[in-house]
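1. how would this look folded up:
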Amino acid sequence: MGCSTSRAAPPEKADLRGVGQKEAEPGPGAIPRIKLVLLGDSGVGKSCLVLRYVRGQFDPSSKVTVGAAFMSHSVNLPDGTTVKFEIWDTAGQERYASLAPLYYRGASAAAVVYDISSGESFQKAKHWVSELQKNASGNIAIILVGNKSDLTEQREVTTEAGQEYAERNSMLFIETSAKTAANVAAIFDTVAMKLAGNGVTAVLDRIS
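-> Coordinates of the predicted model:
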C-alpha cells in the first residue's frame, strides 16, 4: 500500500472479511459498517488519501500497493450517528485489475480516484465507473474523486469536466489533496451521509 504500512490483504484468501464471503449482519447496538473500495489508476494517490484520513499522515515516498490493503476508521456524523468505514485500497496496476471485483463485490460505496494533472488517469477512472455500473450492486454509492488539487499549474482535468461526468452518471464528486488534507475527510463524510439517507448538503456546505 503506497503512503503507509497498513496490513496487506492477499486476494487469494477467502476468509478475509468482505472478500470471498458474505458478511454477517451486525448485532443490535453494533456500530454500522460501511465497506468502501477505492479504485483508480496507479499513482493517483488512493493510498495517500486513506493514510491521510485514517492517520492524518502524508508520505511522499509512496510505495505501490500490491493486490489490496485494508484499513478501518470510525466517523461521527453531524446527526450524532457513528459509522465505521472498512476501506479496501486496491492496486491500480493493470495486472491486478482482474482482482478488483473481489473487493467491490458487496461494497456499500466506491471512491473512483483520478489525478487532476493526468488526463489519462481520468480516462481510467471512467473505465472503473463503467465496471461498477455493470458489476457492482445497484445500490452502491459512488463518489468521483479528483485528487492532487494542489497541482494547479499541472492541471489537465478541469473541475467542470469532473463535475459534469459525475452528474451525468449520478455520482457524488469532490476534488481533494492528500498532500494538504483538503477535502479528504469530506470524501467519507459525504458517502456516509448519502448512505445514511440524510442527504449531503450539510457536508458539502463546509467543503472549500
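2. CA atoms for contacts and neighbours, from now on please.
-> OK.
3. tell me which residue lies nearest the centroid of the chain.
-> A111 (3.0 Å; C-alpha atoms, centre = their mean).
4. pretty sure it sits against K35.
-> No - with contact taken as C-alpha atoms under 8 Å, A111 and K35 are classed as non-touching, separated by 11.0 Å.
5. give the contact list for K84.
-> Residues touching K84, when contacts are defined by C-alpha atoms under 8 Å, 6 or more residues apart in numbering, comprise I31, P32, R33, I34, S72, H73, S74, V75.
6. next one: G119
-> E156, V157.
7. measure it to V112 for me?
-> Using C-alpha to C-alpha, to the nearest Å, one gets 14 Å for the distance from G119 to V112.
8. next: A136.
-> Counting by C-alpha to C-alpha, the gap from A136 to V112 is 13 Å.
9. between the two, tell me which one has more neighbours.
-> Under the criterion of other C-alpha atoms under 10 Å, the comparison of A136 against V112 puts V112 first, with 26 against 19.
10. the more buried one contacts L144, correct?
-> Yes - counting by C-alpha under 8 Å, V112 does reach L144; the two are 5.0 Å apart.
11. could you look up the SS state of S149?
-> What DSSP: H, G, I helix; E, B strand; the rest coil gives for S149 is coil.
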